[in-house]
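Peer 1: Generate a structure from the sequence data that follows.
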Amino acid sequence: MEKIYLFTSLIFCILLLVLLSIISTSTRVKPKVSKEKQKIAIVVSGGGMKCAYSAGVLMALGEQLKFAEPDIAVGSSGGGASLLYYISSQYKFGTKIWTELLSTDKFISFTRIYPIFDMDYLVDTVFKQQAPLDTDKILKSKTKLFLSATNYDTGQVQYFSNDGSADIFEAARATVALPIVYNKKIKINGNEYVDGDVGSSVDINIQKAIKEGATKILVIENERTLPNEPTDTSLYWKIVSFIATDPIRNAIKNNEAKKDYVIPENVEMFYIEPSTATTISAVDHSLNDLQKTFKLGYDDATNNSKLKEFLK
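Peer 2: Below you'll find the model as predicted:
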């Protein structure tokens, strides 16, 4: 009788251990990816003077959210240029550029036949003299920076990085080299380039960030995403496409075709765009509109609790 009791107790203990194991397994929380394994990227869209919005977001990221060193940063055109001042932690200069220095006819003037946008003034006067860019800090940064430009002869996207393979100022000049309104080709390492937005939309830049290993991506859009509503920038690219060479026309066409890219399941996305409608256009350099748009971006980032949580 005693043996039967011991045997029954043993069986009961075994069953209890199995049950506890099943409960433990079913209620176990899947561990989050450690911060060491995460790679956070910032991707910034272009959009001419509308990039005052993303500039405001970037400066707020550094000043208010104390998020200064993403693993990866990818940008095109004006958004890419603002990344330079974010990566170098020159937030005061970044603010000064968009809220003061660009509101001048020396930069944009429709009374000039050529160029309407003087990108040489932007780089040689603003970036080098009025708000001196700390290129040494960019080259030494832990952030892998990628500024896109479009090869004029092939239409292919080229990313210039802060690895010393290209001059930072010339990479900046190339990424903002808008067809027609600036209409210069920028020569780097033997090839000629025009504006990054020609061949690399924000969607293509997201793909670049993922290719570089990003697991969390903050996307800063300079325009509100309203379906089936044309913008002044989309109309501009249609005009460029109509008069452009075949490689540039094909680059713009391919740009549109790659918007259906499916984000991998292991990549977490966060989008920020203007919280209210903006009145600024891609060619608007009025001081009031620039300041309002910059402030909107700054406030949208500063007051976004979900953004703060995402960046942890």
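Peer 1: For I72, which non-adjacent residue is closest in space?
Peer 2: If you skip the residues right next to it in sequence, I72 has A41 as its closest partner in space, 3.8 Å away by Cβ to Cβ, 6 or more residues apart in numbering. Just so you know, the C-beta spots here come from the backbone N, C-alpha and C atoms, and that holds for glycine as well.
Peer 1: That neighbour sits in which helix or strand?
Peer 2: In this structure, A41 sits in strand 40-44 according to DSSP states H and E.
Peer 1: Following element in sequence after that strand, please.
Peer 2: helix 52-63.
Peer 1: what's near enough to touch Q129?
Peer 2: With Cβ atoms under 8 Å, 6 or more residues apart in numbering as the criterion, no residue contacts Q129.
Peer 1: again, but for A301
Peer 2: Here A301 is in contact with G56, V57, A60, L61, Q64, L65, I272, L307 (Cβ under 8 Å, 6+ apart).
Peer 1: Narrow those to those that are buried.
Peer 2: Burial of the contacts of A301 was assessed by neighbour count (16 or more other Cβ atoms under 10 Å); the buried members are G56, V57, A60, L61, I272, L307.
Peer 1: and G75, how many residues sit next to it?
Peer 2: Using other Cβ atoms under 10 Å, the number of residues around G75 comes to 31.
Peer 1: so where does it fall, helix or strand?
Peer 2: When elements are assigned from DSSP H and E, G75 belongs to strand 72-76.
Peer 1: what comes into contact with that strand?
Peer 2: Contacts of strand 72-76 with the rest of the structure, by Cβ under 8 Å, 6+ apart, involve 39-46, 80-83, 86-87, 143-148, 159, 175, 195-197, 200-202, 205-206, 208-209, 212-214.
Peer 1: Could you pick out which of those residues are located in strands?
Peer 2: Secondary structure of the contacts of strand 72-76 is defined by DSSP state E; positions in strands are I40, A41, I42, V43, V44, K144, L145, F146, L147, S148, Y159.
Peer 1: any low-confidence regions in the stretch 1-150 of the chain?
Peer 2: Applying pLDDT under 70 to the stretch 1-150 of the chain flags residues 1-36.
Peer 1: all helices of it, in order?
Peer 2: For the stretch 1-150 of the chain, the helices defined by DSSP state H, counting those that start in this stretch occupy 2-27, 52-63, 77-87, 91-96, 119-120, 135-140.
Peer 1: circling back to that earlier point, what's opposite the residue nearest to I72 in the beta bridge?
Peer 2: Residues found in beta-bridge contact with A41 (criterion: DSSP bridges) are I72, I217.
Peer 1: gap between it and Q207?
Peer 2: 11 Å (Cβ to Cβ, to the nearest Å).
Peer 1: Quick check on these two: which one has the bigger neighbour count.
Peer 2: Applying other Cβ under 10 Å to A41 and Q207 shows that A41 carries more neighbours, namely 26 against 17.
Peer 1: From what I see, the more buried one and K211 are in contact.
Peer 2: No - in this structure A41 lies outside contact range of K211 using Cβ atoms under 8 Å: 10.4 Å.
Peer 1: Count the neighbours of the closest residue in space to D246 that isn't next to it in sequence for me.
Peer 2: For D246, the nearest residue in space outside its immediate sequence neighbours is G155; the separation is 7.9 Å by Cβ to Cβ, 6+ apart. As a burial measure, G155 scores 22 neighbours (other Cβ under 10 Å).
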